[in-house]
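Starting from these lines, generate the structure:
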Amino acid sequence: MEVTKQISRSCHKVPRRDIVSWNSMIDGYKKCGKMEIAYEFFKDMPTKNVITWTTMISGYDGAGM
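Down below sits the predicted model:
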């Protein structure tokens, strides 16, 4: 749980989120097994790319969803 709190704190420190920072946040939550939080970031992303989609698909696959 501590890792997800660190990710959340880091997220709020980023003054301007670009696609790399969004993808990094999603990947961090995915690696912690927090796909519901990763999905919330995914929904809020203004622009998605192939890395975004691959991260989400691999996260759901890893979670057996």
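
where exactly do the helices run in this structure?
Remark: helices assigned in the chain by DSSP state H are 2-13, 19-31, 35-44, 50-62.

most centrally placed residue in this protein?
The residue lying closest to the centre of the chain (C-alpha atoms, centre = their mean) is Ile26, at 0.8 Å.

For that one, list the residues it contacts.
Applying C-beta atoms under 8 Å, 6 or more residues apart in numbering, one finds that Ile26 lies in contact with Ala38, Phe41, Phe42, Thr52, Thr55, Met56, Gly59. The way it works is simple: take the backbone N, C-alpha and C, and place the C-beta from them, glycine included.

Just give the nearest non-adjacent residue to the fourth one, would you?
The one in question is Thr52. Once flanking residues are discounted, Thr52 sits nearest to Asn23: 5.5 Å by C-beta to C-beta, 6 or more residues apart in numbering.

neighbours around the one you found, how many?
Neighbour count for Asn23, taken as other C-beta atoms under 10 Å: 20.

I'd assumed Val50 was in contact with it.
No: taking contacts as C-beta atoms under 8 Å, Asn23 lies outside contact range of Val50: 10.2 Å.

Relative to Pro46, how far out is the residue of the chain positioned farthest from its centre?
Most distant from the centre of the chain: Gly64, at 17.5 Å, with distances by C-alpha atoms, centre = their mean. Between Gly64 and Pro46 the computed distance is 30 Å (C-beta to C-beta, to the nearest Å).

My guess is Met56 contacts Phe42. True?
Yes: the criterion here is C-beta under 8 Å, and Met56 meets it with Phe42 at 5.6 Å.

helices and strands of this protein: which one bottoms out on pLDDT?
Lowest mean confidence among the helices and strands of the chain (mean pLDDT, DSSP states H and E): helix 2-13, at a mean of 63.

Could you export the contacts of Ile26 as TSV, including neighbour count?
Shown next, in TSV, are the contacts of Ile26 (neighbours: other C-beta atoms under 10 Å):
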residue	neighbour count
Ala38	23
Phe41	22
Phe42	21
Thr52	18
Thr55	23
Met56	20
Gly59	21
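
out of those, who's nearest Ile19?
Of all the contacts of Ile26, the one with the least separation from Ile19 (C-beta to C-beta) is Thr52, at 7.3 Å.
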